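Asks: return atomic coordinates for the entry below.
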Amino acid sequence: MVRLCALALQAHQLQTVCGGDGTLAFGAGLSDPNEPDAWLRDYTGLTRLWIEVGQPEDKPLLKACNKADAVLLYCFNHAAEVWWRSMEAKLARPQNLSVWRIPTVAAQALIPMAQRNMQLQATIQEGVLMLGDGTLNVDIEPIRWK
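Replies: All right, here's what the predicted structure looks like:
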């Protein structure tokens, strides 16, 4: 669900970065550690945006920074603050890396929405993602760490 939120939060990039001529999609990140969780590629095949979710090691993120114009990481686990304290210095140098924190309470509120046949509505206003399924609504306001 957090991967879905990350994709929704970056949906505007398809128009902004690629002028609508590209693909914003989930990657093979869950099954292949060398691929992103989601990405934006233009029609020339360039990876314009690499999106990771979770608390990865520094080396795969640094490799991703060399493969894409921009890399975004969305952390959401309850231990994300501890992880970030250990990684902040290691990830300080890449200028094309942004790190965001999805509050744990918001991430956990998404769990009941996860259904086999989901129909979700997403609205973004002033940096807040409002996600709803007709019954439940969750507001997600990512916090920028880097």
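
Asks: SS state for Leu4?
Replies: helix (DSSP: H, G, I helix; E, B strand; the rest coil).

Asks: from Leu129, how far off is it?
Replies: 10 Å (CB to CB, to the nearest Å). Where you see a C-beta, it was placed from the backbone N, CA and C, and this is true even at glycine.

Asks: by contact count, what packs against the longest helix along the chain?
Replies: Identified as the longest helix of the chain according to DSSP state H is helix 58-67. Here helix 58-67 touches strand 47-53, strand 70-75, going by 3 or more CB pairs under 8 Å, 6 or more residues apart in numbering; DSSP states H and E.

Asks: and the first one, which strands flank it?
Replies: As defined by DSSP bridges, the strand partners of strand 47-53 come to strand 38-42 (antiparallel), strand 70-75 (parallel).

Asks: turn these into JSON lines, including distance to Gln95, mean neighbour count and mean pLDDT.
Replies: Formatted as JSON lines, the strands paired with strand 47-53 follow (distance: least, CB to CB, whole Å; neighbours: other CB atoms under 10 Å; pLDDT from 0 to 100):
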{"stretch": "strand 38-42", "distance to Gln95": "18", "mean neighbour count": "22", "mean pLDDT": "93"}
{"stretch": "strand 70-75", "distance to Gln95": "10", "mean neighbour count": "24", "mean pLDDT": "97"}
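
Asks: okay, those in JSON lines with distance to Ile51 next?
Replies: Formatted as JSON lines, the strands paired with strand 47-53 follow (distance: least, CB to CB, whole Å):
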{"stretch": "strand 38-42", "distance to Ile51": "4"}
{"stretch": "strand 70-75", "distance to Ile51": "5"}
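
Asks: quick one, which of the ones you listed is nearest to Leu24?
Replies: Nearest of these to Leu24, taken as CB to CB: strand 38-42 at 4.7 Å.

Asks: take the closest one, keep the C-alpha atoms, and write them as CSV.
Replies: Only the C-alpha atoms of strand 38-42 are listed here, as CSV (Å, rounded to 0.1, in the frame of the first residue of the first chain):
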residue,chain,number,x,y,z
ALA,A,38,8.3,2.0,-9.0
TRP,A,39,9.8,4.1,-11.7
LEU,A,40,9.1,6.8,-14.4
ARG,A,41,10.8,6.1,-17.7
ASP,A,42,10.5,8.3,-20.8
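
Asks: cool, thanks, signing off.
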